[in-house]
Structures are given as structure tokens and as C-alpha cells.
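> Structure here, sequence nowhere to be found:
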């Protein structure tokens, strides 16, 4: 069945060990980073509601995009102030700039509450 005149396949060598094979480490693109937090907020809102994994990935993408844009705008605010350190006032100003009205007020209040909780835990 096999052709005896064909060249033989190269034999496996010991040079391809686990140490030479590099695995790509990093975040799994099919796993939501904010999934547990999104699920907790959804259950606080309505315990009977669930979400599909594909929908969770979409929500996670929206949250990651917003976080990236928020940080970029915050760093621009700090640079505009000629500061190299990001301060809460820069993040607050960028939140007010990106979000409007009651949503911005609620986001800033929750952020300040989280910051106070974090600073108390560090003492």
C-alpha cells in the first residue's frame, strides 16, 4: 500500500520537548473578564433573569471598550493638567464628560464609595 521508494518521514527527535514549545499565555478571548460582576448585578436587578454566554461576551466587550475609553480620556485630562499621576478628579471629570445626567452622578457616587472602601481596607 505505501510506496517503498518514497522518502521516510523524519523521526521525532528529543529537541522538541515541553521546554522548547512555547504556549501563548494570556486571556481567553472566549471568556468574559467581567462576567461574574455582570452576573451579580443582573441577579440583584432580577433574580429570574439569565444571560447566554454569547450575550455575556458582547456585554463584556462593551464594558472593556468603555473602560479603555475612560482610561484614555482620564490620562488626557491628567496630561492637560500637566500631571503625570492620575488622580480621582481626572477620572471623575472624564466620567462626567463621557456619561450624562443621572447616570454620571450615579457612576461617580459608586466610584467614590468604592474608593472610600478601598482606602479604608488599606489602613
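Sure thing, it's come through. Not measured: the values here are computed from a predicted model.
> If you count neighbours, what's buried in the longest helix belonging to the chain?
Using DSSP state H to define each element, the chain has its longest helix at helix 53-80. Buried positions in helix 53-80, judged by neighbour count with 16 or more other C-beta atoms under 10 Å: 56, 57, 59, 60, 63, 70, 73, 74, 75, 77, 78. In short, each C-beta sits where N, CA and C put it, glycine included.
> want to throw those into CSV with pLDDT?
Below are these laid out as CSV (pLDDT from 0 to 100):
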residue, pLDDT
56, 92
57, 92
59, 93
60, 92
63, 93
70, 95
73, 95
74, 95
75, 95
77, 93
78, 94
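> So for residue 16, what's the pLDDT?
According to the prediction, residue 16 has pLDDT 54.
> picking up where we left off before, helices and strands around the longest helix of the chain, which ones?
Secondary-structure packing of helix 53-80 (3 or more C-beta pairs under 8 Å, 6 or more residues apart in numbering; DSSP states H and E): helix 35-45, helix 88-98.
> Just the buried residues of the last one, please?
It refers to helix 88-98. For helix 88-98, by 16+ other C-beta under 10 Å, it's 90, 91, 92, 93, 94, 95.
> swap in the first one?
For helix 35-45, burial by neighbour count (16+ other C-beta under 10 Å) applies to 35, 38, 39.
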